[in-house]
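Mind folding the following:
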Amino acid sequence: MIKNFYSSNVALVFTMLILSVMGLRGQSVLTNSGGLSISGNTTITVLGSVENNSGAVVDELALTSSAVVSDDITNNGIIDGRGSITLNGDWYNNNIFTCHTGIVNFSGVDQSLSGSVSSTFYDLN
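The predicted model follows:
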């Protein structure tokens, strides 16, 4: 009886912890290996910044997927963009950004483009 009570309470506490972590806002995305791929009519929203240290693909085939970032994007890896990226913060490109037919929307105030490598955009708004 004591074992069942203890294990069910541990499961309940663990479940509550997972649900509270999933509901947090202001999270950032960091890619160190493996990369991030957004494809097939998908939108990913990041309430925070994105630091890409490996590879990121925003839609491999068409303009149907998008990334919305509430803060900065720092690219230290490779970003391959055919979809749309909406950015409220600054753009830092320190490696390879290939725009293809992608759209990059700057929707914040007093945003800057910088980094150690220049960025070429297909459609910049």
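
Tell me where the protein has helices.
With DSSP state H as the criterion, the chain has helices at 2-22.

Quick one: the strands in it, in order.
29-31, 36-38, 43-46, 50-52, 55-58, 66-69, 73-75, 78-81, 84-87, 91-93, 96-98, 103-106, 113-114, 123-124 (DSSP state E).

show me what contacts residue 114?
90-93 (CB atoms under 8 Å, 6 or more residues apart in numbering). To be clear about C-beta, it is placed using only N, CA and C from the backbone, and glycine gets the same treatment.

7 Å instead, please
residue 92 (CB atoms under 7 Å, 6 or more residues apart in numbering).

For it, give the beta-bridge partners.
Beta-bridge pairing for residue 114 (DSSP bridges): residue 92.

Could you number the chain from 23 rather than 1 from now on?
Let's use 23 as the start, then, which means that last one is residue 136.

and residue 67, how many residues sit next to it?
10 (other CB atoms under 10 Å).

In JSON lines, list the strands of the chain along with mean pLDDT.
Formatted as JSON lines, the strands of the chain follow (pLDDT from 0 to 100):
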{"stretch": "strand 51-53", "mean pLDDT": "57"}
{"stretch": "strand 58-60", "mean pLDDT": "65"}
{"stretch": "strand 65-68", "mean pLDDT": "83"}
{"stretch": "strand 72-74", "mean pLDDT": "85"}
{"stretch": "strand 77-80", "mean pLDDT": "65"}
{"stretch": "strand 88-91", "mean pLDDT": "86"}
{"stretch": "strand 95-97", "mean pLDDT": "91"}
{"stretch": "strand 100-103", "mean pLDDT": "82"}
{"stretch": "strand 106-109", "mean pLDDT": "90"}
{"stretch": "strand 113-115", "mean pLDDT": "96"}
{"stretch": "strand 118-120", "mean pLDDT": "89"}
{"stretch": "strand 125-128", "mean pLDDT": "93"}
{"stretch": "strand 135-136", "mean pLDDT": "96"}
{"stretch": "strand 145-146", "mean pLDDT": "92"}
